[in-house]
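Visitor: Make a model of this:
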Amino acid sequence: MTTIAFIGLGNMGNPMAANLVKAGHKVQGFDLIAENLNTAREHGVTVMANADAAVKDAEVIITMLPAGKHVISVYEDIAPKAAKGALFIDCSTVDVESARKAHAIAARHNLPSVDAPVSGGTGGAAAGTLTFMAGGSDEAFAKAEPILKPMAGRIVHCGGDGAGQAAKICNNMILGISMIGVAEAFVLAEKLGLSHQALFDVASTSSGQCWSLTTYCPVPGPVPSSPANRDYKPGFAAALMLKDLKLSQEAAQGSGAVTPLGAEAAQLYALYNAQGQGGADFSGIINFLRGAEK
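Guide: Numbers count the residues shown, from 1 in each chain. Purely as a prediction, here's the structure:
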């Protein structure tokens, strides 16, 4: 049994912490929202009064926070108070620069650290099938891997400090672009009198095949488990997709990469969010492309 501090018990953090408890670890959790703490307590997490209390005597410290500024702030606060040799794992999705700053804070206190953002959404978090994209030294990754396993379907060591975040934003840029492409194809099919099922049956078994079509189809019917069958309840919210696309464009600008489709996808999701759809699943962008005010 490992004593793990888990800071950030929201929609993703809570089920992740619950799976660590199921694996036999002692999890000391903290979140700023009382409702999240109540849910964590129901899952067997030992709820702590603050972050300092959570990290006390913890061998591993996991953070799942909204943005890079929050990660850096928390690391600056708790790193000096962490137990000697405690392993820091940040599972937030943040910009690469912030991830590297967090690694540097941990390093100043001789603490191993890994950036390990996830893919798989709330369903994957609950099922323990998340994909973890990890960045950090070989030594830190070796320590992190067994901790991540109860929450994971797959764990990939992507490289050094910040490499996990780099992989995450590249992956999600592909996802945002591909979902728009799939949605546009269904909108065109509707205009041409082609049924959703006919397009799905062709594209899902030919060159148009992709995850956005076969697993997350943006129209109801062909894939019963997709959010389109639940009035686009997330899933993966459009606001989070916009966040990740913005991160991809910040990284592109900083590195000099040319990503015109990524930039266009960011603009389209910004418009969709501006219609008040940030809480809808990102596949609901099809309604925006139809011109619907939903």
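Visitor: okay, Thr122: pLDDT?
Guide: With respect to pLDDT, Thr122 scores 84.
Visitor: Show me the longest helix that occurs in the protein.
Guide: In the chain, taking DSSP state H as the definition, the longest helix is helix 163-191.
Visitor: mean confidence for stretch 222-229?
Guide: Here stretch 222-229 scores 96 as its mean pLDDT.
Visitor: Need the residues that contact that stretch.
Guide: 196-197, 200-201, 204, 214-221, 233-235, 281, 283-284, 286 (C-beta atoms under 8 Å, 6 or more residues apart in numbering). Yep, even glycine has a C-beta here, placed from its N, CA and C like the rest.
Visitor: Next, the buried residues of the longest helix of the chain.
Guide: 163-180, 182-183, 185-187, 189 (16 or more other C-beta atoms under 10 Å).
Visitor: now swap in stretch 94-111 and tell me
Guide: 94-96, 98-103, 105-106, 109, 111.
Visitor: ok, now which ones touch the closest residue to Thr259 other than its chain neighbours?
Guide: Leaving aside its sequence neighbours, Thr259 sits nearest to Ala252 (C-beta to C-beta, 6 or more residues apart in numbering; 4.5 Å). Residues counted as contacts of Ala252 (C-beta under 8 Å, 6+ apart) are 258-259, 262-263.
Visitor: Secondary structure of Ala252: a strand, I assume?
Guide: No - read with DSSP: H, G, I helix; E, B strand; the rest coil, Ala252 is helix and lies in no strand.
Visitor: tell me the pLDDT at it?
Guide: At Ala252, the pLDDT recorded in the model is 96.
Visitor: which regions of this structure lie under the pLDDT threshold?
Guide: The chain contains residues with pLDDT under 70 at 292-294.
Visitor: For the longest strand along it, which strands pair with it and how are they oriented?
Guide: With DSSP state E setting the assignment, residue counts place strand 152-159 as the longest strand in the chain. Strand pairing for strand 152-159, determined by DSSP bridges: strand 130-135 (parallel).
Visitor: Now do the strand it pairs with against helix 163-191, angle only.
Guide: 130 degrees (axes from the mean of the first three to the mean of the last three C-alpha atoms, to 10 degrees).
Visitor: hang on, Ser113 packs against Ala107?
Guide: Yes - at 7.1 Å, Ser113 counts as touching Ala107 under the criterion of C-beta atoms under 8 Å.
Visitor: Break this protein into its domains for me.
Guide: Listed domain ranges for the chain are 3-161, 166-290 (source: automatic domain parsing).
Visitor: what's the span of the shortest one, first residue to last?
Guide: Yep, that's domain 166-290 we're talking about. 32 Å (C-alpha to C-alpha, to the nearest Å).
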